[in-house]
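Participant: Following is a predicted model, sequence given first.
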Amino acid sequence: MAANDPIHQFQIEKLVDFGAVNLPVFGRSEIAFTNSHLAMTIAFVALVGFLSLATSKMQVVPGRLQAAGESLFGLIDNLAESIIGHEGRKYFPFIFTVFTFILAMNILGLFLTFTVTSQLAITATFGLMTILVVLIVGFAKNGLGFFKLFVPSGVPIVLLPVIVVIEFVSFLLRPVTLALRLFGNMLGGHVALKVFAGFVVTLGAMAAGGGLGILGIPGAALSLSMVLGLTALEFLVAFLQAFVFAVLTCIYLNDVVNLGHGH
């Protein structure tokens, strides 16, 4: 049943159980090394290894790894500078780390039976971490002037209270939208892949049984073509979702870095 269940691939499983401990705020909690931790560790090691190899021997005429690494660096560097401005490079390390780590986890999920970014707890952590950085930068750079973020310029006095509430609620929803967008896209894509892959196996088994079951061959072939097409699409989605997360991170940082210019 688990092999045919498209949701089973998202279940957290304990690999090493360290038992339960009593935490001051959370109370009695279980500590374990799970398949989620393993996938994140593999993604981290693969990412560090790739970047280390890409930058280990810098050449005037770059090889494939160096060219790929430089392309990623250039992509995020240009993105940060185009959205945030001349101060964008200050925040490049954070934006680049978030982008590449999410990208590594997204792509790794296409090769493993578990996708880290299909877990809402993981995407919510990235969303909260991003907004926390925005808050820290906002208050460090603007002090109490940070609250001007919720007061757009040129708004009539009569509408100002309503606009302030809308802007404040919109700001609070930013980590929610960051988390749900990444989570929903990765979850939906992998469920679709699992469903069509299940069709291939089921219809193929029917055809192998002979008789009228041979009618399952066209359906199996069609399902297999859908799996191949969805797999190619998922590679594109894996990159786009990491890139969209990086773009939104730059936009949110721009709001507080250039607060006086936009509000």
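Facilitator: Nice, I can see it.

Participant: burial count for the residue lying closest to V247 once chain neighbours are set aside?
Facilitator: Nearest non-adjacent residue to V247, counting by CB to CB, 6 or more residues apart in numbering: L79, 6.6 Å away. Every residue, glycine included, has its C-beta placed from N, CA and C. Neighbourhood size, L79 [other CB atoms under 10 Å]: 20.

Participant: Please name the residues that touch L79.
Facilitator: For L79, the contact set (CB atoms under 8 Å, 6 or more residues apart in numbering) comprises I95, A246, V247, C250.

Participant: Among those, which pair sits farthest apart?
Facilitator: The most widely separated members of those, counting by CB to CB, are I95 and V247 (9.4 Å).

Participant: Packing partners of the longest helix that the chain contains?
Facilitator: For the chain, the longest helix by residue count, based on DSSP state H, is helix 160-208. Other helices and strands packing on helix 160-208, by 3 or more CB pairs under 8 Å, 6 or more residues apart in numbering; DSSP states H and E, are helix 120-142, helix 216-257.

Participant: so I42 sits right up against L108, yeah?
Facilitator: Yes - I42 lies in contact with L108 (CB atoms under 8 Å); the separation is 6.2 Å.

Participant: quick one: which of these two has more around it?
Facilitator: A count of neighbours by other CB under 10 Å puts L108 above the other of I42 and L108, at 21 against 16.

Participant: Correct me if wrong: that one contacts A39.
Facilitator: Yes - using CB under 8 Å, L108 is in contact with A39, at 6.3 Å.

Participant: Need the residues touching each of the two.
Facilitator: Listed contacts common to L108 and A39 are T115, V116; contacts here mean CB under 8 Å, 6+ apart.
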